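Participant: next one to model:
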Amino acid sequence: MLIDSGIMSGSDILAAVGLGADAAMVGRAYLYGLMAGGERGAAHAVKILRSQYVRSMQLLGVKSTAGISGDHVALAG
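Facilitator: Here you go, the predicted model:
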């Protein structure tokens, strides 16, 4: 399953994976980087998302993507 809606940070990607997504589309964040700095800007945006994702895993005490589950996600509302 893919998710493509409102992904703006690495923690959003982690939440999507925790809720069952196989992957998350990050077009908006990628395009913001592309508009701001061309190819280098897009690469930097992906680097930021990756570092946020890794930091979120570290804060949760998860060592790999396989260890992420729904227990790591709290739904607002």
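Participant: can you get me a residue count around residue 30?
Facilitator: By other CB atoms under 10 Å, the residues close to residue 30 number 17. C-beta coordinates here come from the backbone N, C-alpha and C atoms, glycine included.
Participant: from memory it sits against residue 42, does it?
Facilitator: Yes - Residue 30 is within contact range of residue 42, at 5.5 Å (criterion: CB atoms under 8 Å).
Participant: quick check: residue 19 vs residue 34, distance?
Facilitator: 27 Å (CB to CB, to the nearest Å).
Participant: residue 49 too?
Facilitator: 13 Å.
Participant: compare neighbour counts for those two and give me the winner.
Facilitator: The neighbour count for residue 49 versus residue 34, taken as other CB under 10 Å, is higher for residue 49 (22 against 17).
Participant: got phi/psi on residue 24?
Facilitator: phi -130, psi 130 (degrees, to the nearest 10).
Participant: quick one, what contacts the closest residue to residue 35 other than its chain neighbours?
Facilitator: In space, and not counting its chain neighbours, residue 35 is closest to residue 41: 7.3 Å by CB to CB, 6 or more residues apart in numbering. Residues in contact with residue 41 (CB atoms under 8 Å, 6 or more residues apart in numbering) are 33, 34, 35.
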